[in-house]
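Trainee: Curious how this folds, go ahead:
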Amino acid sequence: MSAPDEGGASWPSKETNSVTASLTGLEEDADPIVERVSEFATEYPHLADQPLSETHGRKLRRIVTEADWGKEFVDPDHPLEDSFAVDSLRSRSAGTWLDAVHAFLRAHHEYSGMLARFEDRETGDEFDVPLVDAWGKEYSKKQYARARALQRQMSGGTRPSGGEAVPAWDDPVTTMLTLTASSVPDGQRLAPVDQMDAIHDAFSYGGVRDTLRNVMEYHLDLDSEQWGYWLQAEPHGMGTAADPEKDAGLNACYTHIHVGVYFDGAGFADLRPVASEFERVIDKHLEVCDPAGWSAHNYDAIDDYLQEDDGCISMNADVGNLGSYLAAYMGGYTEDLLDKPIEYIAWGAVYWSAARQRTTRSQTVNQAIRADRCEQRSENEESGQVDAHGERVRWDDGRGADVVCSCCGSPWTIDQARLDGPPEPDSALDDDLRWAAGAASPSPNPERERSLAERWPSADSAWTYGESPRKTLIRDRVQDYLDVHGGDVSLPAILARFNIDPAHREFVGEILNGEMEPDSEAFDRRSNDPAFGYELKAIVDRDGNEHQPGGGGVDMVSLELPITNVIQNTRLDNDLVQGEVFRNARTEVASHDPTTIAAGFIENGITEPEIVDRLLIVEDYHVSNPAMDRSEPRPCMFHPDQK
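Mentor: This next block holds a predicted model:
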């Protein structure tokens, strides 16, 4: 095999630490891209050469990684054949932050003018739809519209379609929680993707979101439909490069998140004790997010949560324009990406490179937004929807509420008592259940075997051939017997000879009757489908050239960092104290530098952390020195098998 084309030659190189060298490869780009990439290198030179991630196994877009390929010689299986060389991946590292900014802006610029060409299956007519990515002003405006829809559903207002929304809550309240993490914990600068992951993972997987749910539903005793959240990420230091009077700070261009919590405050006479409950969420974030520090989450310094605008907890009991309120936390919603502050562009490049969502909403919030859209569709004659939200309902067996709108599937504001339960099962199933419970004495007649199309109703087409491994074994044994002894044998005799379960008697009988091949079955609903709907025919670039639509998806690859993997998953990750030293038992090389020891193992072909830990010795000279306080090795330096 040969090293694949990584497609990364056109973006800035990081061959040296020189910012000038890092700006090579911009000659073919549009002027705005060159200007913004150069601005980042000039305003934040200490970040330009920072690798995006230093976490082994972290997936990034291929375009922002660099692969190191090496040749390996393979010995032939036959002594007369020659050995041959293959290219194998030695390592894959992340590109620099500057590389990501360049690739990000180029990808966004290439979207401009692109069209998706569709064909109406019924008429054959073609029409074009402009393509936009999630970083343009159109997307930001859509987010703004969703925020306004949420506001209407919570507190009422006039919809763009003309109708008046009935407020679902008596007294909507908003609490904004700000969660962040240091970019330089312990004085060591974190890669931007790793800092971002620490914050988001703490919320999604580390228990912060669960703590928020416990606060709302246990401590505040709210039902699940009486509260929701909207998480929005934002860069630190927005606009500081363009304003000399602002202090960018160490976290400029790095991320933090705002969690807007919305709830019905009608049941609370005083909101100040309610606001204090959110301290539990801040505490949990500090517990599970390693780079997070108290100085950025010091709620003790806040005198009044209802009067706070800039702290980690801020409560607002009267948000007149929720869209504008959220927009203030979304870095603006009117500018094109290339016109946004350089801090926003650098921050966006991190999320784009890692393909990470910067906005998430709770189920309740999404249900409210969907219900508002449903109402607008019913008020628009061209939509074809005549029923308002909730006029017709159905039972939903999925997670969450049971009774939902038939049009949009949202249970927002729908009385769950409108339906008593799921639709009644058919009579055949009733008979089966009564028979299984012993309510009826005779066994129900077995139903006919369902066809493949009936067993797989969601498929457009399918084909099956073959049989189960058990049936294949029976077929082979019976057929081998018939080949040797002939077909003069009874069905009971063959069942007894091979101890075959009588349940397979019909199957064995078919073999005795000469049926040699397993059955096949197929169906194709596409040939019967009416020619309605639309089909994506081509992607049209800005020059009018058509391209076949691809399979979609983002080309992501995992970072392969052998040395980092060894350090992070062995005792090499522990800081040494005075008197300790690492030693490689294989080479007898000793060093205080974990990278040196890890590299030695890698060079000897030892890459598995578990094996490295077995061969790693941590010598402690203080243990054998009576003049020292330490009489035994520190527990963290014991091999796991020794604990």
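Trainee: Could you list the low-pLDDT ranges of this protein?
Mentor: 1-29, 72-74, 76, 78-85, 319-334, 424-466, 483-488, 514-533, 550-553, 640-643 (pLDDT under 70).
Trainee: Show me it divided up by domain.
Mentor: 1-133+540-560, 168-332+342-359, 452-526, 562-642 (automatic domain parsing).
Trainee: list the buried ones in the longest helix seen in the chain?
Mentor: Criterion DSSP state H: the longest helix present in the chain is helix 137-155. Residues 137, 140, 143-155 are the ones in helix 137-155 that count as buried (16 or more other Cβ atoms under 10 Å). For the C-beta atoms, the positions are set from N, CA and C on the backbone; glycine is no exception.
Trainee: Same check on stretch 468-475?
Mentor: 474-475.
Trainee: chain center to it, what's the gap?
Mentor: Relative to its parent chain, stretch 468-475 has a centroid offset of 42 Å by Cα atoms, centre = their mean, to the nearest Å.
Trainee: can you give me the helices in the stretch 201-350 of the chain?
Mentor: In the stretch 201-350 of the chain, the helices defined using DSSP state H, counting those that start in this stretch lie at 208-214, 271-277, 279-288, 322-327, 342-354.
Trainee: actually the stretch 51-200 of the chain, not the one I typed
Mentor: So, for the stretch 51-200 of the chain - with DSSP H, counting those that start in this stretch - the helices run 97-111, 137-155, 192-204.
Trainee: Which other helices and strands does the second one contact?
Mentor: So that's helix 137-155. Judged by 3 or more Cβ pairs under 8 Å, 6 or more residues apart in numbering; DSSP states H and E, the packing partners of helix 137-155 are strand 157-158, helix 322-327, helix 363-378.
Trainee: Would you mind giving the secondary structure of the residue lying closest to N574 once chain neighbours are set aside?
Mentor: In this structure, N574 finds its nearest non-sequential neighbour in C636, 4.9 Å apart by Cβ to Cβ, 6 or more residues apart in numbering. Three-state assignment for C636 (DSSP: H, G, I helix; E, B strand; the rest coil): helix.
Trainee: what separates C636 from L572, distance-wise?
Mentor: 11 Å (Cβ to Cβ, to the nearest Å).
Trainee: picking that back up, number of nearby residues for the residue nearest to N574?
Mentor: 12 (other Cβ atoms under 10 Å).
Trainee: Just give the nearest non-adjacent residue to Y111, would you?
Mentor: Closest to Y111 by Cβ to Cβ, 6+ apart is D133, at 4.9 Å.
Trainee: Tell me if I'm right that that neighbour and E110 touch.
Mentor: No - the criterion here is Cβ atoms under 8 Å, and D133 misses it with E110 at 9.3 Å.
Trainee: re the thing from before, looking at the helices and strands packed on helix 137-155, which is closest to V193?
Mentor: helix 322-327 (25.1 Å; Cβ to Cβ).
Trainee: List the buried residues in stretch 366-384.
Mentor: 366-378.
Trainee: go on, stretch 163-182?
Mentor: In stretch 163-182, counting by 16+ other Cβ under 10 Å, buried: 165, 167-169, 171-182.
Trainee: Stretch 626-636 too?
Mentor: In stretch 626-636, counting by 16+ other Cβ under 10 Å, buried: R630.
Trainee: Can you give me the distance of the spatially closest residue to P172 that is not a sequence neighbour to R146?
Mentor: Nearest non-adjacent residue to P172, counting by Cβ to Cβ, 6+ apart: M154, 4.2 Å away. Separation of M154 from R146 (Cβ to Cβ) stands at 13 Å.
Trainee: if we take the buried residues of helix 137-155, which one ends up nearest to D264?
Mentor: M154 (8.1 Å).
Trainee: I figured E375 hits G163, correct?
Mentor: Yes - judged on Cβ under 8 Å, E375 makes contact with G163 at a distance of 6.1 Å.
Trainee: follow-up on the earlier one: present the buried residues of stretch 366-384 as CSV; the columns should include distance to S468.
Mentor: Below are the buried residues of stretch 366-384 laid out as CSV (distance: Cβ to Cβ, whole Å):
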residue, distance to S468
N366, 43
Q367, 44
A368, 49
I369, 47
R370, 44
A371, 47
D372, 51
R373, 47
C374, 46
E375, 52
Q376, 52
R377, 48
S378, 51
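Trainee: ok, which pair from these is furthest apart?
Mentor: So, those by Cβ to Cβ: farthest apart are N366 and S378, at 18.9 Å.
Trainee: quick one on the thing from earlier: for the buried residues of stretch 163-182, which one is nearest G95?
Mentor: Looking across those and measuring by Cβ to Cβ, the closest to G95 is A181, at 22.3 Å.
Trainee: OK, contacts around the nearest residue to that closest one once chain neighbours are set aside?
Mentor: What sits nearest to A181 in space, not counting adjacent residues and going by Cβ to Cβ, 6+ apart, is P291, at 3.9 Å. Contacts for P291 (Cβ atoms under 8 Å, 6 or more residues apart in numbering) come out as 181-183, 185, 190, 195, 198.
Trainee: and if you look at D223?
Mentor: With Cβ under 8 Å, 6+ apart, D223 has these contacts: E217.
Trainee: List phi and psi for it.
Mentor: phi -70, psi 160 (degrees, to the nearest 10).
Trainee: ok, it to R213 distance?
Mentor: 12 Å.
Trainee: cool, A67 as well?
Mentor: A67 is 42 Å from R213, by Cβ to Cβ.
Trainee: before we move on, what about A165?
Mentor: Using Cβ to Cβ, A165 is found at 27 Å from R213.
Trainee: How about L536?
Mentor: Counting by Cβ to Cβ - L536 and R213 are separated by 40 Å.
Trainee: Next, the angle from the longest helix of the chain to helix 363-378.
Mentor: Helix 137-155 runs at 100 degrees relative to helix 363-378, counting by axes from the mean of the first three to the mean of the last three Cα atoms, to 10 degrees.
Trainee: Could the C-alpha coordinates of helix 137-155 be exported in CSV?
Mentor: This file holds the C-alpha atoms of helix 137-155, laid out as CSV (Å, rounded to 0.1, in the frame of the first residue of the first chain):
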residue,chain,number,x,y,z
LYS,A,137,-25.5,34.8,9.1
GLU,A,138,-28.4,32.7,7.8
TYR,A,139,-27.7,30.1,10.4
SER,A,140,-27.4,32.7,13.2
LYS,A,141,-30.6,34.3,12.1
LYS,A,142,-32.3,30.9,12.3
GLN,A,143,-31.0,30.5,15.9
TYR,A,144,-32.4,33.9,16.7
ALA,A,145,-35.8,32.9,15.3
ARG,A,146,-35.8,29.8,17.4
ALA,A,147,-35.1,31.9,20.5
ARG,A,148,-38.0,34.1,19.7
ALA,A,149,-40.2,31.1,19.1
LEU,A,150,-39.2,29.8,22.6
GLN,A,151,-40.1,33.1,24.1
ARG,A,152,-43.5,33.2,22.5
GLN,A,153,-44.3,29.7,23.7
MET,A,154,-43.3,30.5,27.3
SER,A,155,-44.7,34.0,27.7
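Trainee: I'd like the numbering to begin with 245 instead of 1 from here.
Mentor: Yep, numbering from 245; the last one is helix 381-399 now.
Trainee: If anything else comes up later, I'll come back, but that's it for now.
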